[in-house]
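1. coordinates only, sequence not included:
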């Protein structure tokens, strides 16, 4: 589904990703772990198409298409979803209407009919239960004044509504207390499917207690320096990232 | 070059002695008009050399020729319908500056009539208030209006009366190159409650001049919500001043929507002249093309324990220009004043210009005053967030632009009015493929 080959990317003139390779097949859940500054969020943003992230080398193929050539909105319509580490507050735009506009944009792209407010509301109510989200939040402006936990729930809720095929979750677990983490993890688990791939980007191992990944990768110095099964996460939790000092990572070109 | 004031002098001479002009021969009014005209001729049109007009060059108004129009043929109600807030909302309609009873639906329970009629029926009441709040000594456009007004609304809300519907004053210009000088007098009795809408539109004409004055007295404990909607043609000129005198513990909220004209200049002057008075000034301006919209507000804190809140927002596109000048004066006696002023501008193109000038003059020592101004573009992070959910760039821009403006619409209490305003504002924003209905408009 997703094939990243020798990806190099710069942010503000500084090279952050330095030859990253990753293969993700449908149905798989991959965890990418790494210390601060290793390039985790940069990878997430490059996949979603954020500007100011300059890809200097490499390629990303998604469902056989050149992902990097697509506009962010087309990536979303093609089924790529980024759950933001810091969801953006947008005063003045009600959550409900924002998400309806998004879902209808995606449906239109796929050649499906647009939903009216009543049909949309049915879907939204159903998916809200998945992350135990307070329906009142739907009337409020997008993320405006939401607590950290509410924002993360809302991201997973959006994911559930938009039904993407590739979910990239950027530190969705950060800043959550254990109850919120459990709720968010349950939402993620409910969305696991043989047709859908997930990339969990995380700093800590604890999310992986609730969402069992198929593969764990260690990101260090802008490259994946080790890959393994779930046991790798436990090893990381115990030993830290010291065994892959950043300076020793050889830069592939 | 010919004297640009000569046509005004000539028009005045024809106008001032006409039988209808002064309420059937009331010498005091003729005298007032003559004084005002003399002052206008002395002052001439303001130029950018004056601080109050530094960024607003009105020479296109001075150079153009306008004439005092007759009321002329009335438009059909059908043609007015898009400009009405709702069929059930009482309205006073003025066509080319003159009251059109045939198109109006008068409210009950208050005095609501044309000022020209009031002059016949209750000259003493009119004389008591007319020009008492809108000084013209240093204001050329006020002087011109005082000399040349032919009609406007006269509203008196009795003490403790609470109106459950807004009253709509609709000014329609249908005559090309007409100059219209609407003059409104509004007296809101103690503890009464009024929602008043003034709207100005062009019907089938492009260039014309509206030069309006509204004088409003808000007596003790009264509450007023005032909406001024300026939505004339893109070639229209509009100058308007609202002067308000607020009594003890009175409360005024005003919303100014300036949606276009070649040059629009709004002056809003509020005097908080008795303890505990509060005012909230909200404004939205949306100039496009080469339009210029200038808002000058002045809040005069004369008495202690008064508070004022001011938020003006602008959305500028094309080569549009905007001026915001917000003056707050806190007089020596006005201790415990609480004043806050904010001006925010969203700029959609590189060719626009904004001059934002807060001016705080504080002569008391125990006060809270704050002000701030911003000029910025659409927030890049918000834009990316919407796009990352599948919404195309043009639509995302449209949604975010609308959201910026919608804050000001949301502050209006009346639902029908809100709907009316959101339609007008949306029309003036850049298009996208996601309709604004999809985002709740």
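-> It's in. It should be emphasised that the depicted structure is a prediction, and the values quoted were computed from it without experimental measurement.

2. Local confidence estimate at residue A:206?
-> Reading off the per-residue confidence, residue A:206 sits at a pLDDT of 87.

3. and the residue of chain A nearest chain B?
-> residue A:92 (2.9 Å; CB to the nearest CB). Placement of C-beta: from N, CA and C, glycine included.

4. ok so that residue is a helix residue?
-> No - note on residue A:92: no helix contains this position according to DSSP: H, G, I helix; E, B strand; the rest coil, which reports strand.

5. Verify the stated contact: it with residue B:411.
-> No - the pair residue A:92 and residue B:411 does not pass the contact test of CB atoms under 8 Å, sitting 11.9 Å apart.

6. Quick check, pLDDT for residue B:58.
-> pLDDT, read off for residue B:58, is 94.

7. What does it show for phi and psi?
-> Here the main-chain torsion angles of residue B:58 (degrees, to the nearest 10) amount to phi -100, psi 20.

8. Only the buried residues of stretch A:219-234, if you could.
-> A:219-225, A:230, A:232-233 (16 or more other CB atoms under 10 Å in any protein chain shown).

9. What segments of the chain are helices?
-> I'll assume chain A. Remark: helices of chain A, listed N- to C-terminal, are A:40-48, A:72-77, A:95-109, A:117-130, A:148-162, A:178-191, A:231-239; assignment by DSSP state H.

10. um, chain B though
-> When secondary structure is read from DSSP H, chain B shows helices at B:6-16, B:27-43, B:59-63, B:77-80, B:115-121, B:123-129, B:140-148, B:380-387, B:393-410, B:415-427.

11. still on that earlier bit, pipe the buried residues of stretch A:219-234 into TSV and attach distance to chain B per row.
-> Compiled in TSV, the buried residues of stretch A:219-234 are given as follows (distance: CB to the nearest CB, whole Å):
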residue	distance to chain B
A:219	21
A:220	27
A:221	26
A:222	22
A:223	25
A:224	24
A:225	28
A:230	29
A:232	29
A:233	27
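
12. Could you tell me which of those belong to strands?
-> Among these, the residues falling in strands (DSSP state E) are A:219-220, A:223-225.

13. May I see the residues you listed organised as a markdown table, with distance to residue A:14 and pLDDT added?
-> What follows is these, written out as a markdown table (distance: CB to CB, whole Å; pLDDT from 0 to 100):
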| residue | distance to residue A:14 | pLDDT |
| --- | --- | --- |
| A:219 | 16 | 94 |
| A:220 | 16 | 92 |
| A:223 | 15 | 94 |
| A:224 | 19 | 94 |
| A:225 | 19 | 92 |
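
14. Widest-spaced pair of these?
-> Of all pairs drawn from those, the one with the largest separation by CB to CB is A:220 and A:224; the distance is 8.2 Å.

15. ok, residue 211 - how many residues close by?
-> By default, I'm working from chain A. As a burial measure, residue A:211 scores 22 neighbours (other CB atoms under 10 Å in any protein chain shown).

16. nope, chain B
-> The burial count for residue B:211: 25, using other CB under 10 Å.

17. that older thread, so for residue A:92 and residue B:411, which residue has more residues nearby?
-> Regarding residue A:92 and residue B:411, a neighbour count based on other CB under 10 Å identifies residue A:92 as having more, with 21 against 15.

18. Now the more buried one: closest residue in space that isn't a chain neighbour?
-> On the basis of CB to CB, 6 or more residues apart in numbering or on different chains, the spatially nearest residue to residue A:92 that is not a chain neighbour turns out to be residue B:403, at 2.9 Å.

19. With residue A:173 instead?
-> Leaving out its chain neighbours, the residue that sits closest to residue A:173 by CB to CB, 6+ apart is residue A:207, at 3.9 Å.

20. hang on, the earlier thing: list just the nearest of the ones in strands among the buried residues of stretch A:219-234 to residue B:380.
-> Each of those was scored against residue B:380 by CB to CB, and residue A:219 proved nearest at 25.8 Å.

21. what's near enough to touch the closest residue to the closest one other than its chain neighbours?
-> Spatial nearest neighbour of residue A:219, excluding adjacent residues (CB to CB, 6+ apart): residue A:34 at 3.4 Å. Contacts here follow CB atoms under 8 Å, 6 or more residues apart in numbering or on different chains; on that basis residue A:34 touches A:40, A:203, A:218-220, A:241.

22. Go again with 10 Å.
-> Taking CB atoms under 10 Å, 6 or more residues apart in numbering or on different chains as the contact definition, residue A:34 lies against A:40, A:43, A:201-203, A:217-225, A:236, A:241, A:244, A:246.

23. For the chain, give me the ranges with low pLDDT.
-> No chain was given, so I picked chain A. Counting by pLDDT under 70, chain A contains low-confidence ranges at A:246-253.

24. my question was about chain B
-> In chain B, residues with pLDDT under 70: B:1, B:432-441.

25. at 50 what do you get?
-> Judged by pLDDT under 50, chain B has its weakly predicted residues at B:441.

26. For it, give the residue positioned nearest to chain A.
-> residue B:403 (2.9 Å).

27. Count the residues that sit near that residue.
-> Residue B:403, neighbours per other CB under 10 Å, totals 23.

28. in terms of contact, does it touch residue B:313 like I think?
-> No - at 11.2 Å, residue B:403 and residue B:313 do not qualify as touching, with contact defined as CB atoms under 10 Å.

29. what sits in contact with each of these two?
-> What both residue B:403 and residue B:313 touch, as defined by CB under 10 Å, 6+ apart, is the set residue B:346.

30. Can you tell me which residues in the stretch 151-253 of chain A are near chain B?
-> Contact residues (CB under 10 Å from any CB of the partner chain) of the stretch 151-253 of chain A with chain B: A:158-159, A:161-162, A:164.

31. Filter the residues you listed down to just the buried residues.
-> A:158-159, A:161-162, A:164.

32. for these, which one is nearest residue B:240?
-> Relative to residue B:240, the closest of these is residue A:158; by CB to CB it sits at 45.7 Å.
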